[in-house]
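In: missing the sequence, but the structure's below:
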């Protein structure tokens, strides 16, 4: 089954990255358990499944959409509890994207070049041309203007930062579904905005809580993974062109 096979062919970096992330998450969990006696397993599951989703995406593995479906569902609920309504709406859109992405990727894959198992598959990647970049930029601006207007009307806590995050996420997810490696530039921007969202949420609430810290650390890990994701997808594109 691909959920198991997708863990094959991982590099030392990938093993170390995920291992360190898990240790950090456990440390956060233990800290807040000691300080205030709380343990929010929903945050932990959402965070871990998101990182699994991102790592598998960086590797070009199909299971990214399975972990993504779990993660976006849980993250949507967490965002709702913290009044980040733009994030809630975004996760609903992302649930649809998980199915679209799965259907697209499953038809466009090649055997992984690291493992000896032909059943371990990586996605075929491609890049945007100048026309594609212009279209993407225009659509991003239009999307931001529309979402920021709606969030302002419903009195969201952080309408402009939230709408920027939603817009970048939708563009990134669209490019990911269509297998463009430039998606990772948008994910880098998303990670920076998301970190700012949760840090600012703590500042507005006047307290450091387990959920916000867990989410901020999760997005920091995602930022590191996004840089690696672009590097690996560029390599996958070259391998696909050669083959």
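Out: Cool, got the structure. Keep in mind that what you see is a predicted model, and the values were worked out from it rather than measured.
In: switch to C-alpha atoms for all contacts and neighbour counts from now on
Out: Fine.
In: can you pull out the helices in this protein?
Out: Counting by DSSP state H, the segments of the chain that form helices are 2-5, 12-36, 41-59, 64-81, 85-105, 130-153, 159-177, 183-205, 210-242.
In: quick one: which of these is nearest residue 123?
Out: Smallest distance to residue 123 across those (Cα to Cα): 6.2 Å, for helix 85-105.
In: Okay, buried residues for that closest one please.
Out: Across helix 85-105, burial judged by 16 or more other Cα atoms under 10 Å covers 85-88, 90-91, 94-95, 97-98, 101-102, 105.
In: export the residues you listed to CSV and tack on pLDDT and distance to residue 222?
Out: Shown next, in CSV, are those (pLDDT from 0 to 100; distance: Cα to Cα, whole Å):
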residue, pLDDT, distance to residue 222
85, 74, 21
86, 66, 19
87, 72, 16
88, 82, 19
90, 77, 17
91, 85, 17
94, 89, 17
95, 93, 19
97, 93, 19
98, 94, 18
101, 94, 19
102, 94, 21
105, 94, 21
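In: can I assume residue 105 is in contact with residue 62?
Out: Yes. Counting by Cα atoms under 8 Å, residue 62 is a contact partner of residue 105 at 6.8 Å.
In: before we move on, back to that, which single one of the buried residues of helix 85-105 is nearest to residue 194?
Out: The closest of the buried residues of helix 85-105, once distances to residue 194 are taken by Cα to Cα, is residue 87, at 9.7 Å.
In: Tell me if I'm right that that closest one and residue 74 touch.
Out: No. Look at residue 87 against residue 74 with Cα under 8 Å: they stay out of range, at 11.5 Å.
In: Can you give me every residue that contacts the closest residue to residue 76 other than its chain neighbours?
Out: Of all residues not flanking residue 76 in the chain, residue 88 sits nearest, at 4.6 Å (Cα to Cα, 6 or more residues apart in numbering). Counting by Cα atoms under 8 Å, 6 or more residues apart in numbering, residue 88 touches 75, 76, 77, 79, 80.
In: Could you find the residue nearest the spatial middle of this structure?
Out: Nearest residue to the geometric centre of the chain (Cα atoms, centre = their mean): residue 54, 5.4 Å.
In: Verify the contact between that one and residue 64 for me.
Out: Yes. Residue 54 is in contact with residue 64 according to Cα under 8 Å; the separation is 6.8 Å.
In: you'd agree residue 161 is up against residue 195?
Out: No. With contact defined as Cα under 8 Å, residue 161 and residue 195 do not form a contacting pair (10.9 Å).
In: Looking only at neighbour counts, state which of those two leads.
Out: Counted by other Cα atoms under 10 Å, residue 161 and residue 195 do not tie: residue 195 has more neighbours, with 21 against 16.
In: how about the nearest residue to that one, chain neighbours excluded?
Out: Counting by Cα to Cα, 6+ apart, the residue nearest residue 195 is residue 216, at 5.0 Å.
In: Could you do residue 98 as well?
Out: Residue nearest to residue 98 in three dimensions, not counting chain neighbours: residue 65, with 5.1 Å by Cα to Cα, 6+ apart.
In: what about that neighbour, how many neighbours?
Out: By the criterion of other Cα under 10 Å, residue 65 has 25 neighbours.
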